[in-house]
Each structure stands twice: as structure tokens, then as C-alpha cells.
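Enquirer: 3D, please:
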Amino acid sequence: MDLLAFPFTFKADGSAAKVVQASNDHTAQRIYGFVKTNCGELPLALGYGLTDPVFAQMELGEVEAGISLYHPDIVVESSSTKISEDGKMAVSIAFTDVDRIYRGIV
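Expert: You can find the predicted model right below:
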């Protein structure tokens, strides 16, 4: 089943970008949504997301614990950060979607 991509974008032909449900792209977008959400931003799930890392480096332990709590079907295999010369932080997360294994999709 196709779902709207996150973040919401348009393709060159003007149609909305989509991803296949339970695909690696879909799982990566779920992780991206979690990482880009600040704690307290969603009134119905105040603990969802991360502490705003503006004045400190992102804590990978917080990322892994949050994904484990709010997305129990995703297992974080490894994670790392890298800060570029211009001060931007890149976060890499390797994952396995447990539900895909149980359904025989992998």
C-alpha cells in the first residue's frame, strides 16, 4: 500500500511523493520523523521525540531509547554522528524492521 512520503513533497509531475508501507524507505521516514520532533511538541504524546539539541550534541542513547519505546518494531543496529567543518551534524542510523522479518518481507 502506498503512503504519502514524509516530509511531504511533490514530484516533478506535480503529484505527491509516496512510499510503500513497510518498506525500508517507510521505516527510515518513521525514524526521521521521530528524530526531527522535539519532546513536548505533540500534545497527545509529550515524550515523543528528542530533547532539542541546539545547545548540546544529539545523544545517540536518547535516539535509540526513543525509537525502542515508540517504534518497538524497529531495532537500531548501530548509530553514529559526524560533525562537518561547517558545524552541521549528520546522524546515521542502521536499522532492522522486525515486523518485516516476521511477515517474511525481507
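Enquirer: okay, now Gly47: neighbour count?
Expert: Number of residues near Gly47 (other CB atoms under 10 Å) recorded here: 10. The way it works is simple: take the backbone N, C-alpha and C, and place the C-beta from them, glycine included.
Enquirer: Contact partners for it?
Expert: Contact analysis of Gly47 by CB atoms under 8 Å, 6 or more residues apart in numbering lists Cys39, Leu69.
Enquirer: got a pLDDT number for it?
Expert: Note on Gly47: pLDDT of 94.
Enquirer: Check the gap between it and Gly33 for me.
Expert: Distance from Gly47 to Gly33, counting by CB to CB, to the nearest Å: 15 Å.
Enquirer: what do you get for Asp25?
Expert: Distance check for Asp25 against Gly33: by CB to CB, it reads 13 Å.
Enquirer: do Ala16 as well
Expert: Ala16 sits 16 Å away from Gly33, going by CB to CB.
Enquirer: State the mean pLDDT of the strand or helix carrying Thr81.
Expert: According to DSSP states H and E, Thr81 maps onto strand 74-83. For strand 74-83, mean pLDDT is 92.
Enquirer: List the pairing partners of that strand within its sheet, with orientation.
Expert: Paired with strand 74-83 in the same sheet, following DSSP bridges, are strand 89-97 (antiparallel).
Enquirer: hang on, the earlier thing: and the contacts of the strand holding Thr81?
Expert: Against strand 74-83 from outside (CB under 8 Å, 6+ apart): 27, 30-31, 57-58, 60, 63-64, 67-68, 89-98.
Enquirer: How about the residue nearest the centre of the chain, nearest residue that isn't a chain neighbour?
Expert: Geometric centre of the chain, nearest residue: Ile31, 1.2 Å, by CA atoms, centre = their mean. With CB to CB, 6 or more residues apart in numbering as the criterion, Ile31 has its nearest non-adjacent residue at 5.8 Å, and that residue is Ile93.
Enquirer: Which positions are bridged to that neighbour in the beta structure?
Expert: Those that pair with Ile93 in a beta bridge, by DSSP bridges, are Ser79.
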